[in-house]
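Visitor: what follows is a predicted protein model with its sequence.
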Amino acid sequence: MPHPSIRIMVARHSAFYSPLISTIAAGFLAKEGIESRYDVLPPGTRSHPLLKSKFVDVMQSAPGSNFGPLERGEGSLPVHFALINRRDGFFLTGRHPDPGFDWKTLEGSTLLADHGGQPLLMLRYAAHVQGVDWDKVNVVNAGDADAMDQAFRSGQGDYVHQQGPAPQRLEDDGVGHVVASVGAAMPEVAFSTLMATREFLKQPIAKTFIQVYRQARRWVQQSDPAEVAEKQAAYFEGVERAALVSAIRRYQALGCWDGQLWINRELYGQAVEVFHHGGAIKTRPAYEYVVVDPPDGQV
């Protein structure tokens, strides 16, 4: 009889998603006899069709991925059933150390900003919270994450906006210094979540998966960052161990993985507020259309 299996995909690959990566990397799924596959969403590919076609079972995503489709009147959308991160996981890296960094410093500076939909909206919202006049920031789209990194390394920009461990690698290489956390500059928010179809969430494996994920997330919260990095090292080829450890430690300190798995209304509402403030949506999608409880019924 074949072993049960689960196919996991992430929209991005980052230490920010360590709780999900660790379900595989730290052996939690294997202990339950579940085979697993981990992939990164290919450029230009949409997550919803992959879930609906059953090519993927669980996707790392964000509630905001449903907002646009709902406004366009699309139905039968996948739903979000558990938190990964309750804070934004991007950092600002500058050319020089600045322990007293003031976000207003961005005015008149050149910022290489990640132009992914949610990351840019969250950055703009954090800047708004910090009193920055966004129109006075020279915001540059230098391309995807790799292109941005290379552009900053080649001397472009005063600041760069990245997820870990990229900023920590810049620090280790003496190229830049992390000056701010976007997540620490704005309220907690349902930033990244687990998404699946309602059909999948009714299956027994969904209940087993969420119980395993709960263990993995708690382990990542509480373990020594070096131990987490050791288990995940094979998923970060070419990344220096010290940089990976530093990124995990920073995310633990920020509290990105703290608290319950449940996507509560407050965190959801903050995500809606960010998208609405940034002009990405005109309406405020109802919680019940986007979020469901974890499949084991625990919050």
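Guide: Looks like it arrived, so ask away.

Visitor: got the domain ranges for the protein?
Guide: With domains defined by automatic domain parsing, the chain comprises 5-87+189-290, 90-185.

Visitor: nearest to Q298, of those domains?
Guide: In this view, the domains of the chain are compared for proximity to Q298 by CB to CB, and domain 5-87+189-290 is the closest at 7.5 Å. For the C-beta atoms, the positions are set from N, CA and C on the backbone; glycine is no exception.

Visitor: quick one: mean pLDDT over that closest one.
Guide: When the per-residue pLDDT values of domain 5-87+189-290 are averaged, the result is 94.

Visitor: centre of the chain versus it, how much separation?
Guide: Averaged C-alpha coordinates place domain 5-87+189-290 at 7 Å from its chain's average position (CA atoms, centre = their mean, to the nearest Å).

Visitor: got it, and stretch 99-116?
Guide: Averaging C-alpha positions (CA atoms, centre = their mean) puts stretch 99-116 20 Å from its chain's average.

Visitor: kindly report the same for stretch 290-299.
Guide: On CA atoms, centre = their mean, the centre of stretch 290-299 falls 19 Å from that of its chain.

Visitor: for that stretch, buried residues please.
Guide: With burial defined by 16 or more other CB atoms under 10 Å, the residues of stretch 290-299 counted as buried are V290, V291, P294, P295, D296.

Visitor: save those as CSV, and put in distance to Y268 and secondary structure too.
Guide: What follows is the buried residues of stretch 290-299, written out as CSV (distance: CB to CB, whole Å; DSSP: H, G, I helix; E, B strand; the rest coil):
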residue, distance to Y268, secondary structure
V290, 7, helix
V291, 6, strand
P294, 14, coil
P295, 18, coil
D296, 20, coil
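
Visitor: ranges for the strands of the stretch 151-299 of the chain?
Guide: When assigned using DSSP state E, counting those that start in this stretch, the strands of the stretch 151-299 of the chain occupy the ranges 159-163, 177-181, 192-196.

Visitor: adding distance to R87, write the ones you listed out as JSON lines.
Guide: As requested, these are arranged in JSON lines below (distance: least, CB to CB, whole Å):
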{"stretch": "strand 159-163", "distance to R87": "12"}
{"stretch": "strand 177-181", "distance to R87": "8"}
{"stretch": "strand 192-196", "distance to R87": "10"}
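
Visitor: could I get the ones you listed as a markdown table with mean neighbour count and distance to H96?
Guide: What follows is the strands of the stretch 151-299 of the chain, written out as a markdown table (neighbours: other CB atoms under 10 Å; distance: least, CB to CB, whole Å):
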| stretch | mean neighbour count | distance to H96 |
| --- | --- | --- |
| strand 159-163 | 25 | 11 |
| strand 177-181 | 21 | 6 |
| strand 192-196 | 26 | 30 |
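
Visitor: that concludes my questions; thank you for your assistance.
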